[in-house]
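Q: no sequence on this one, just coordinates:
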């Protein structure tokens with residue numbers, strides 16, 4: 001996951017060439033044009049959002065890190081790391097579902 005965080009930071013602070021290439025890759029893959037989400041410590045579900053985005057845009061991330069001219073090869077995510085990202089995303093998904101369940105349950109009982 002550290003490589004994913006570093007990749008997000010590098011993409012956000014990259015030259016316009018890398019961002020243009022990112023949007024070109026998204027267009028080729030028929031994915032929605034958007035910038036990668038990043039993990040924010042003050043938002044408890046930001047890690048899940050980042051992992052969910054990364055897994056959905058896995059092919060685009062792999063393509064942008066494979067291109068030498070983008071100088072993002074150091075952020076390449078290996079196959080076993082994608083497995084870890086998926087597992088962590090699935091675990092956090094359950095946690096978020098439970099949070100929403102208990103929030104709804106608490107609100108229905110207390111009225112707040």
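A: Structure's in. What do you need? This structure is a prediction, so every number in the text was calculated from the model and none was measured.
Q: Would you agree residue 27 is in contact with residue 21?
A: No: taking C-beta atoms under 8 Å as the definition, residue 27 is not a contact partner of residue 21, at 10.6 Å. For every residue, glycine as well, the C-beta is placed using N, CA and C.
Q: and those two? which has more neighbours close in?
A: residue 21 (18 against 11; other C-beta atoms under 10 Å).
Q: Outside of the host helix or strand of the more buried one itself, list whatever touches it.
A: Residue 21 belongs to helix 16-28 when elements are defined using DSSP states H and E. Outside helix 16-28, the residues that touch it by C-beta atoms under 8 Å, 6 or more residues apart in numbering are 10-11, 32-35, 57, 60, 63-64, 67, 70-72.
Q: Pull out the buried residues from it.
A: 18, 21-22, 25-26 (16 or more other C-beta atoms under 10 Å).
Q: likewise stretch 58-66?
A: Quick answer for stretch 58-66 (16+ other C-beta under 10 Å): 60-61, 63-65.
Q: Tell me how far the helix holding residue 21 lies from the chain's centre.
A: Put simply, helix 16-28 sits 17 Å off its chain's centre (C-alpha atoms, centre = their mean, to the nearest Å).
Q: Quick check: next helix or strand after that helix?
A: Counting by DSSP H and E, what follows helix 16-28 is helix 46-56.
Q: just checking, next helix/strand downstream of that following helix?
A: Counting by DSSP H and E, what follows helix 46-56 is helix 58-66.
Q: and that following helix with helix 46-56, angle?
A: 80 degrees (axes from the mean of the first three to the mean of the last three C-alpha atoms, to 10 degrees).
Q: after helix 58-66 comes which helix or strand?
A: helix 79-110.
Q: Pull out the buried members of the contacts of helix 16-28.
A: 10-11, 57, 60, 63-64, 70, 72.
Q: Cool, thanks, signing off.
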